[in-house]
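Engineer: starting from these lines, generate the structure:
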Amino acid sequence: YLQCYEPNNLKPFGRNSYCLKDHDSLKISNGKWFWWSQNIGGRSALDYLVSVRNVPFTEAVTMLCGNDVITQYQTQNVKEKPKAVFIPPERYVNDNKVIEYLQKRGIDKEMIAYCIDNKTLYEEKKYHNAVFAGYDNTGRMKYAFKRSTHTHSIFMGEVEESDKRYSFSMIPQESKPEGIAIFESAIDALSYATILKYGNKDWKQCRYLSLGGIYKEKGNAGYKLPLALEEYLKQNTSTKLVLMCLDNDDIGIKAMEQIANALENTEIRCVWNPPQD
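Structural biologist: Down below sits the predicted model:
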């Protein structure tokens, strides 16, 4: 749709990603779009027209269904691309910049060392980004999130074809299997573990799972669990408690409400604050 009707408004943003010139916080990649400044996202041109361009729903449907130009453009100009595959970022010889960056963010060195030892955190060779990794049940890396270690850069994003089902997690051997604490990002999880340690709590008694970000898609019916949490609960059937530690903003609160609703008729209890015991 954008290539056909707004070609001058579309500009490349990284590899296989785009943003809009008039809304540079609206990013498009992997068949989805997300408008970061407004905390809304979607999957289709219909979502885009309704949510971003404020076109009434019925009018947007008519525009898309009644116009042959899009179909003609797709059949004549869009070539089938080879399926992309997940390629983990190459590791640097040491993790010094990552360690320095996270310690400046207030993360305790014990958590940093734990993640490095478990290969869920390392320094990227090419740009020296911090890489937060996730693995499937066979030990294969299936997910990677990159965060710039340079103070002048705010670059962050998932590696192409990352599988959100296997997002970053910390599962210490001493942790209790009946509970899981969920976070929007890996650094949030590391921050919470640091707070526990500084509060004289045993941070290794807790399990930590990053959801790889959250957002609400307009128009979706029903309640769905984030993919990372859904996969974790599938693999850890003894889970009885989900501690929701998402951001205290509108989108974070709505996400916690949605997760609680999705688990309402299960034996799993959702809490928004740490249990007093």
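
Engineer: what residue lies at the spatial centre of the protein?
Structural biologist: Gly212 (2.4 Å; C-alpha atoms, centre = their mean).

Engineer: with adjacent residues omitted, what lies nearest to that residue?
Structural biologist: Ser167 (4.1 Å; C-beta to C-beta, 6 or more residues apart in numbering). The way it works is simple: take the backbone N, C-alpha and C, and place the C-beta from them, glycine included.

Engineer: which residues touch that neighbour?
Structural biologist: 134, 143, 145, 209-212, 227-228 (C-beta atoms under 8 Å, 6 or more residues apart in numbering).

Engineer: before we move on, the earlier item: wait, the residue nearest to the centre of the chain touches Glu158, no?
Structural biologist: Yes. Counting by C-beta atoms under 8 Å, Gly212 touches Glu158, with 6.7 Å between them.

Engineer: check which helix or strand Tyr143 maps to.
Structural biologist: strand 141-147 (DSSP states H and E).

Engineer: other residues contacting the helix or strand that that strand is followed by?
Structural biologist: Elements were assigned by DSSP H and E; along the chain past strand 141-147, the next helix or strand is strand 156-158. By C-beta under 8 Å, 6+ apart, the residues outside strand 156-158 that reach it are 14, 17, 143-148, 164, 212.

Engineer: what ranges does this protein have for its helices?
Structural biologist: 2-5, 45-51, 57-65, 68-77, 96-104, 109-117, 186-198, 227-235, 250-262 (DSSP state H).

Engineer: comparing those, which yields the minimum mean pLDDT?
Structural biologist: Lowest mean pLDDT within the helices of the chain: helix 68-77, a mean of 46.

Engineer: what strands flank the strand holding Tyr143, and is each parallel or antiparallel?
Structural biologist: Partners of strand 141-147 in the sheet, by DSSP bridges, are strand 130-135 (antiparallel), strand 156-158 (antiparallel).

Engineer: ok, which of those comes nearest Tyr5?
Structural biologist: Shortest distance between Tyr5 and these, using C-beta to C-beta, is found for strand 156-158: 26.5 Å.

Engineer: lowest-scoring secondary structure element of this protein by mean pLDDT?
Structural biologist: helix 68-77 (a mean of 46; mean pLDDT, DSSP states H and E).

Engineer: low pLDDT regions in this protein?
Structural biologist: Across the chain, residues meeting the criterion (pLDDT under 70) sit at 14-15, 66-83, 215-223, 273-277.
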